[in-house]
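[1] Sequence below, structure please.
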Amino acid sequence: MQDFASLPKPLTTQMHHIYIARCSDNTLYTGYTTDLKKREETHNAGKGAAYTRARLPVEFVYSETLETKSEAMKREWEIKQMKRSEKDKLINS
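    The predicted structure is shown next:
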């Protein structure tokens, strides 16, 4: 009989990221993703958020990695509540 407790556990942890993108008109967009590179490519292909579609190209200028989607969504909301000057300070930190 197989002792399953001794088998290595599969890696199922998915990374959760929040990011700030600088749009071509110098506005900032904050979002969530599990794949930063793919998400930036999606935005720049015009298939991202409606807000960024009219402001291409975008450049990701800040990101944070969190352990859970719930933590990432909470942090995204916190950043979206910040004033522009606070976001600039965060980007430059």
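
[2] Now do the SS call for the spatially closest residue to residue 24 that is not a sequence neighbour.
    Using CB to CB, 6 or more residues apart in numbering and skipping residues adjacent in sequence, the residue nearest residue 24 is residue 55, 5.3 Å away. Placement of C-beta: from N, CA and C, glycine included. Put simply, residue 55 is coil when judged by DSSP: H, G, I helix; E, B strand; the rest coil.

[3] could you measure residue 86 against residue 92, distance?
    As judged by CB to CB, to the nearest Å, residue 86 and residue 92 stand 11 Å apart.

[4] Neighbour count for the two, which is higher?
    Shown here are residue 86 and residue 92; by other CB atoms under 10 Å, residue 86 has more neighbours (11 against 8).

[5] What does that one show for phi and psi?
    With angles defined as degrees, to the nearest 10, residue 86 sits at phi -70, psi -40.

[6] With residue 37 instead?
    phi -60, psi -50.

[7] burial of the residue nearest to residue 24, as a residue count?
    Other residues near residue 55 come to 17 when the count uses other CB under 10 Å.

[8] Quick check: buried residues in stretch 43-54?
    Across stretch 43-54, burial judged by 16 or more other CB atoms under 10 Å covers 43, 44, 48, 52.

[9] Give the full set of residues in contact with the last one.
    In this case it means residue 52. For residue 52, the contact set (CB atoms under 8 Å, 6 or more residues apart in numbering) comprises 21, 23, 29, 43, 58.
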